[in-house]
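J.: fold the following and give me the result.
(chains A and B)
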Amino acid sequence: MIHPIPPGTRDVLPDEMRELRRLQRALVDVFEDRGYGEVATPAIEYDEVMAVGDGRSARSYRFFDESGELLALRSDMTVPIARLVATRFPPSEAPHRLCYLGSTYRAVLPQRGQMRELVQVGVELIGASPAEGTVEVIEVLEAALDAAGLGRAVIGLGDADLYRQLLEELGVEGEAKESVLASLATHDLVGIEEKLSEAGIAAEQVQTSVALTQLRGGSEVLEQARGLGGAAVERATARLSETYEALERRGVADRVQIDLGLLRDLGYYSGAIVEVYDPALGHVLGGGGRYDGLMKHFGVDLSAAGFGLYLERLHLAQMEESRRKGEAR
Amino acid sequence: MSGFAGAEARADGPLKLAVPRGALLGETLDLLDAAGVDTAELRGDSRSLIFETSGMTLVTMRPSDVPTYVESGAADVGITGKDVLLEQVDRLVYELLDLGFGRCRMVLAARTGADRLGEAQRRLGMMRIATKYPRIAERYFESTGRQVELIEVKGSVELAPLVGLGDGIVDLVATGRTLEENELEVREEIVECTARFVANRVAHKLRAAEIDELTAKFREASA
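T.: Reported below is the predicted structural model:
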């Protein structure tokens, strides 16, 4: 008898489960060793809590409970943990170091091989000073990638405020600004060019803005970016270079790629943002960054940073990497 | 500088470029030639789908498959039409460059002279439109505040209004000859489409130098 399950969900059988558990344990051990205690939050939250992060994204599952309350399946782990910290920990005890492993849910487009249920694993560091916090989180991320056996993985480091500020500087506002940011998020360079030109930006400025999105590499790209000029660029490169130098001092900058074209799709990020790639996989393994404004929505003014990785994608990359090593032998 | 130079050494094998077969093939090969990529083998009558050349792997496929291969990373970069990207707008690929060739228009067309579209709109409050591009058509009519019933067809869409399947069509037009021969005329222009150079998100980061170099060559060749 065949009893189907909804598309985008899946069963896990013992062989895979054994490997997933091993991977989970290795990661959570790395986090615990560094003082990040594991927490769990409910899969169902009040919609107004989740909306703080995703702005009522069309991609989250919502429903009414028996007393008419609007609930949402969590689409993300950072927002529930921000809520938890604000509710359960006195701000005076900051910084709070927490890690998690849990399923998140988002609506998918049919026939695309996308998952509705994704296991995320990661850390949140809430209440540490911004500069040190960012560096610590990236350090933990590197240790996690090593524990997963992904020695070739690369961490992209960018700045979430760069384009918002750059567009303000250029005088692109309102709908036009949102529209350019949307093109940036999908990296539609042709679209960015068209939209900036439509907004009345001079051709030279348009070219500079597009060129900026293509700058990625080592510390030399910060120099190249400064060469492109502007106050917003100056501020962003100063922030990035501070973080990068701190990473260099701790000897963990080797696999960090500075990327001025990076933009996360979640609205709550500010300042440093990261994304994780492995050459064996065509999809992003995860990401994170600073979310200094998010805690304020829960009534606590604490700076914060964190990252989340997709467990199944890590597992897939791990398999591809070990296959590759096998072939090379 | 510490470290990131190592990224090039990390990449696996030659860069894979998805090459569109069909209408865009000729100019794509000309562009590759201009960029110094040898396409002689591909121009031959080989039935192969994969060609190793000039330090690159060329993978040939239908234009509409290019976003799928590039999104998954099965190809690092690719060339396809903007019409394909607009129709598959949810595919996460980076659109790096407008290559300028393969220029055509996405249009709303109906039978020459007849006013089936207007009549349907007036008397039924709704037009029936046959198309191979249901998502582009849906967005267009939604954005212009009109209600339509979209009928998706796979083959020659010009046929549909001639035999009464729908009041009009949304289709891609290059010269307009096919429309003319089928007694159809352009009523509204939706968007102009050209060939685009796209990249996989991860490849764009991890093979930055190679992809930037190729982009620069393409930019120069298509200018």
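
J.: and for the residue in chain A positioned nearest to chain B, the neighbour number?
T.: Per C-beta to the nearest C-beta, residue A:282 is where chain A lies closest to chain B, at 1.6 Å. Using the backbone N, CA and C atoms, a C-beta is placed for each residue, glycine as well. When neighbours are counted by other C-beta atoms under 10 Å in any protein chain shown, residue A:282 registers 19.

J.: show me the contacts for it.
T.: B:71-74, B:200-203 (C-beta atoms under 8 Å, 6 or more residues apart in numbering or on different chains).

J.: mind doing that once more with 6 Å?
T.: B:72-73, B:200, B:202 (C-beta atoms under 6 Å, 6 or more residues apart in numbering or on different chains).

J.: also near chain A: which of those residues, exactly?
T.: Among these, the residues lying close to chain A (C-beta under 6 Å from any C-beta of the partner chain) are B:72-73, B:200, B:202.

J.: quick one, phi psi at the residue nearest the centre of chain B?
T.: In chain B, the residue lying closest to the centroid (C-alpha atoms, centre = their mean) is residue B:81, at 2.1 Å. Main-chain dihedrals, residue B:81, degrees, to the nearest 10: phi -80, psi 150.

J.: count of residues packed around the residue lying closest to the residue of chain A closest to chain B once chain neighbours are set aside?
T.: Spatial nearest neighbour of residue A:282, excluding adjacent residues (C-beta to C-beta, 6 or more residues apart in numbering or on different chains): residue B:73 at 1.6 Å. Residue B:73 has 17 neighbouring residues, counting by other C-beta under 10 Å.

J.: I figured residue B:73 hits residue B:200, correct?
T.: Yes. Assessed by C-beta atoms under 6 Å, residue B:73 is found in contact with residue B:200 at 4.8 Å.

J.: next one: residue A:319 from residue A:75, what distance?
T.: Residue A:319 is 27 Å from residue A:75, where distance means C-beta to C-beta, to the nearest Å.

J.: neighbour count winner among those two?
T.: residue A:75 (21 against 14).

J.: phi first, then psi, for that one.
T.: phi -100, psi 0.

J.: give the pairing partners of the host helix or strand of residue A:104; include direction for each.
T.: According to DSSP states H and E, residue A:104 maps onto strand A:96-105. Note on strand A:96-105: by DSSP bridges, its sheet partners are strand A:37-38 (parallel), strand A:117-126 (antiparallel).

J.: what residue ranges in the chain score low on pLDDT?
T.: Going with chain A. Applying pLDDT under 70 to chain A flags residues A:54-58, A:110-113, A:265-266, A:328-329.

J.: other chain: chain B
T.: Under the criterion pLDDT under 70, the flagged ranges of chain B are B:1-11.

J.: please repeat the previous calculation with a cut-off of 50.
T.: B:1-10 (pLDDT under 50).

J.: pull out the buried residues from the longest helix anywhere in it.
T.: As assigned by DSSP state H, the longest helix anywhere in chain B is helix B:208-222. Residues B:208, B:210-212, B:214-215, B:217-219, B:221-222 are the ones in helix B:208-222 that count as buried (16 or more other C-beta atoms under 10 Å in any protein chain shown).
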